[in-house]
Every structure is written in structure tokens, then in C-alpha cells.
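Give me a model of this one.
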Amino acid sequence: MSLRVAAPTGVALVLVGLNLRLGIASVPSIVDQVRDALALSSAAVGAVTTLPVLCFGLAAFGAPGLARRWGEEPVILACLALIAAGIAARLIRTVPAFFAGTLALGVGVAVANVLVPGVIKRFSRRPETMTALVVAATMGGAGVAIALTVPLSRALGGWDRALAVWALPAVVAALVWAPLARLRTRDAAVSSPVRVRGDRRAWVLAGMFACQTLLGFALLAWTPKILHDSGLGQGEAGVLAAIVMTLGIPSAVLAPLALARGGVTRGIVIAASVPWWAGLAGLLWSPAEGTVVWTVLLGLGQGAGFALPLSLIVLEARDARHAAALSGMVQGIGYVFGGLLGPLAIGALHDSTGGWEAPLVVLMAVVGAQLALGLAVVSSSASARTGTRGSGAACPRPADTSL
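Next up, the predicted model:
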């Protein structure tokens, strides 16, 4: 792979990352308009947000098989087409079209989520840096969608147009990605599947990612309510909750770069957990005082917590095929258990106790579990480097050109 191809690959990966949350994060800010226009029940409104997460978990398990059959680059191109079509379907303004589009969008994002680490592993000599850029683009895209969808609804004259406009970045990404898909053939089609379920480190990473998704989706679902119940207006609480996603970008970039500089160390794992604990503790003990500080800390924890397990997937993988298999297992388990069960469990705990103290304590305990699992990854990685674990040999750097 020449330098001429490597640089466009980096740009294309960033564009793919940008589209992994745009179509999903744009909906919550105008979900009331969608509900009224389509006459949706409360259960249907809940499905609008849970259906993509369900796709994230279930479709992730099948992504490595698609990559073996067709190659990662062609499948990612198909994912971008699904994302664009799913978002554009919202222009039809019917309930079946809206949910069919949401399903297509969720599947496209889920499969691309899994396969991007494998492409990074193959093309990048500095995978931590490339992972940082992709994660930053993903989180930045979510922040942009949250911030601009309501103004777009006013400017374009409708919620459907405001949501559909986010299909355009997916079209641009597909056009940039298409030359890479033509270069890739089914070179993995005759190879056997990579088995990762017997690898202890894969399960530890899956648990770590499940903790992160539980924290992230619980934060997304309930932070506005927590802030509103503490005395903030709904508008102010919503703005602060949206800022959390944007504030995660710096830490999402710094966490992989720290891994690139110092390797997988206990200090990095601990540093990624401290903002979570501090932000949750602030909401527990003084939600109405220092709210901006707690919001900043939660954003930093969200960014680092999201980037760290994704970076570890790339670092722990032996090659691109192993990265795809590991990513499919880790994200499948993480999104099914963390993304779906987390917000429901936290909401049920709030309803049963009548307050937010118990849910916040549980979330702090989840941060502790995430830290323990992260430290276990550090320990197993150190053992692999010293050769004490035969199944976890140190991962070689790919020989391809750097990004």
C-alpha cells in the first residue's frame, strides 16, 4: 500500500467516524415533534432510541462474517449507503418508513463500528493516533447533530428535513470511500473465522466496554432529568447535557495518544476513571452547585472511557481479521448489555427509590468495575509482552504504510 493510498484512507476513516452518530444523535432533540407528527405512542417513542442500540449489539456479531465474505472496505461502503438511505427515509413522514429507516441506519452504523478497527489495524503504523481521530470525529458528529438539528428544523421548515439533511455527510463519506472499496477484494473469503470467545482478554474487554456503554447511555438518557430535578430549567438542563458529548472530544483524543506514548499502563486506566467518579460524586452530593464543573468532568470521563476500550481492541489484536472479530464480540456484548439494560435499570431504580442517590451510587460502582477490568487488561497485556501467556502474544505492528 503506497503513501498515495494511505493518506486518503485516513481522511476516509475520519469521514466514516463522523457518520457513526449523526443520524442517531439528531433525533432526541426534536423527538417531541416526531411523536406529534407521526402520532407515536410512548412505547414507540422509546423504540426510536432503543432500536439503534439493539442493532449496535445484535448486528455487531455478524459483521466479522460479512468482512470475511466480501472484505471490510466494500462492506463499509454498503454501510454508508445504508446510513444515507435510512436517514433519507425520514422524508417520507410515515411510521413504517421512519422505523425502517431507523433499522437500516442502526445496522449500517453497527457493522461499520465493528469493521473500522480492522481497517485501522491494517493501514496504520500508528493505530492509536488514527483511533483518536476517528473517535473524535464520532463524538464531534454527535455534538454537531445535537446542537444543529433544532435550528435546522426551524430554518428548513420541518423536522423531517432537519433529520434528512444528515444523509449528506454519509453520501460524501461514501464517495470518498468508494475508491478504497474497489481496491479491496474478497481475499479473506477462503479463510476460517477467527475465534476469540476462548480468549480471557476478549471477555475482559467486553466487560469493560459494557460498563462504558452503560455509563454513556445512562448519562445520555438521564442527565437532563437529574439536572432538571435539581432545580435547573429544562432548556438549561438540555444544553448542559448536550455539552457533555462535545466536552468528551479532548479526552477521547488524549486517551489513545497516551497509549501511543506510554503503552497500556495502570496510570492511563485510572486517569480515565477519575473524571467519571468526580462528576457523578458532584451530582450526588451537590447537583445544584457547581453543575457546570460536574458536566465538564462527566464529558471528560465519557470521552476517555469511550476511546480507551476501542483503542485497546486495536492494540490487542494480532492483525486486521483478529481486530474485526474482537471488535464484533466486544461491541456486541457491550451494546446489548450496557446500552440496552443500563438506562432501563437506572430508570427503574429511580422509580423504586424516588430519588437519584441510589442510581448515582450504582453508576459510581460501575465506574469501579470498569476500572478493575481495565487494570486486568493492563495486567494481561504485560504478561503477554513477557511471554507468560501463550495465547496472547504481543501484537505485531502492521507492515503497511502509516497514516
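
What are the boundaries of the helices in the stretch 151-300 of the chain?
159-164, 167-183, 200-229, 234-262, 266-285, 291-316 (DSSP state H, counting those that start in this stretch).

how about V45, what does it touch?
31, 34-35 (C-beta atoms under 8 Å, 6 or more residues apart in numbering). Every C-beta, even on glycine, is put in place using the N, C-alpha and C of the backbone.

Check the gap between it and R266 for me.
As for V45, its distance to R266 is 43 Å (criterion: C-beta to C-beta, to the nearest Å).

how would you label the spatially closest residue to A170 that is not a sequence neighbour: helix, strand or coil?
Nearest-residue entry for A170: A84, 3.8 Å, with adjacent residues in sequence omitted and distances by C-beta to C-beta, 6 or more residues apart in numbering. Counting by DSSP: H, G, I helix; E, B strand; the rest coil, the backbone at A84 sits in helix.

Name all residues that make contact with A84.
A84 touches 167, 170-171, 174, counting by C-beta under 8 Å, 6+ apart.

Just the buried residues of the residues you listed.
Among the contacts of A84, the ones that count as buried by 16 or more other C-beta atoms under 10 Å are 167, 170-171, 174.

tally of neighbours for P287?
Neighbour count for P287, taken as other C-beta atoms under 10 Å: 18.

So among the contacts of V45, which ones count as buried?
V34.

in stretch 60-80, what's buried?
By neighbour count on 16+ other C-beta under 10 Å, the buried set for stretch 60-80 is 60-61, 63-64, 66-68, 70-80.

From P127, how far out is R93?
R93 is 43 Å from P127, by C-beta to C-beta.

Correction: the previous question concerned T295.
31 Å.

what do you get for L220?
The gap separating L220 from P127 is 27 Å, by C-beta to C-beta.

In terms of neighbours, single out the busier of these two.
More neighbours surround P127 than the other of L220 and P127, with 27 against 22 (other C-beta under 10 Å).

who's in contact with that one?
The neighbours of P127, taking C-beta under 8 Å, 6+ apart as the test, are 120-121, 311, 314-315, 398.

excluding its backbone neighbours, what's nearest it?
Of all residues not flanking P127 in the chain, V314 sits nearest, at 4.4 Å (C-beta to C-beta, 6+ apart).

Show me the residue at the heart of this structure, geometrically.
The centre of the chain sits closest to F306, judged by C-alpha atoms, centre = their mean, with a distance of 6.6 Å.

so which of the helices of the stretch 151-300 of the chain is the most packed in?
Per residue and on average, the most neighbours among the helices of the stretch 151-300 of the chain fall to helix 291-316, with a mean of 25 (mean count of other C-beta atoms under 10 Å).

Averaged pLDDT, the helix or strand just after that helix. What do you get?
The C-terminal neighbour of helix 291-316 among helices and strands, as given by DSSP states H and E, is helix 320-333. Helix 320-333 shows an average pLDDT of 86 in the prediction.

and the residue lying closest to T353 once chain neighbours are set aside, how many neighbours?
Closest residue to T353 apart from its sequence neighbours, by C-beta to C-beta, 6+ apart: P359 at 7.6 Å. Residue crowding around P359 was assessed by other C-beta under 10 Å; the count is 24.

low pLDDT regions in this protein?
1-7, 42, 124, 183-193, 233-239, 241-242, 245, 262-264, 381-403 (pLDDT under 70).

got the contacts of V45 as JSON lines, with secondary structure and distance to V134 columns?
Converted to JSON lines, the contacts of V45 look like this (DSSP: H, G, I helix; E, B strand; the rest coil; distance: C-beta to C-beta, whole Å):
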{"residue": "V31", "secondary structure": "helix", "distance to V134": "27"}
{"residue": "V34", "secondary structure": "helix", "distance to V134": "29"}
{"residue": "R35", "secondary structure": "helix", "distance to V134": "33"}
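
what's the closest of the contacts of A84 to G290?
A170 (39.1 Å; C-beta to C-beta).

pretty sure that closest one is touching I87, no?
Yes. Applying C-beta atoms under 8 Å, one finds A170 in contact with I87, separated by 6.7 Å.

Extract the C-alpha trace of stretch 204-220 and format it as PDB.
Extracted in PDB, the C-alpha atoms of stretch 204-220 (Å, rounded to 0.1, in the frame of the first residue of the first chain):
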ATOM      1  CA  VAL A 204     -12.400  -8.600  29.900                       C
ATOM      2  CA  LEU A 205     -12.500  -6.100  27.100                       C
ATOM      3  CA  ALA A 206     -16.200  -6.900  26.500                       C
ATOM      4  CA  GLY A 207     -16.900  -6.300  30.200                       C
ATOM      5  CA  MET A 208     -15.000  -3.000  30.100                       C
ATOM      6  CA  PHE A 209     -16.900  -1.800  27.100                       C
ATOM      7  CA  ALA A 210     -20.300  -2.900  28.600                       C
ATOM      8  CA  CYS A 211     -19.500  -0.800  31.600                       C
ATOM      9  CA  GLN A 212     -18.700   2.200  29.400                       C
ATOM     10  CA  THR A 213     -21.800   1.800  27.300                       C
ATOM     11  CA  LEU A 214     -24.000   1.500  30.400                       C
ATOM     12  CA  LEU A 215     -22.400   4.700  31.800                       C
ATOM     13  CA  GLY A 216     -22.600   6.500  28.500                       C
ATOM     14  CA  PHE A 217     -26.200   5.700  27.600                       C
ATOM     15  CA  ALA A 218     -27.400   6.200  31.200                       C
ATOM     16  CA  LEU A 219     -25.800   9.600  31.100                       C
ATOM     17  CA  LEU A 220     -27.400  10.400  27.800                       C
END
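
how distant is it from the center of its chain?
10 Å (C-alpha atoms, centre = their mean, to the nearest Å).

next one: stretch 284-297
Per C-alpha atoms, centre = their mean, the centroid offset for stretch 284-297 relative to its chain is 25 Å.
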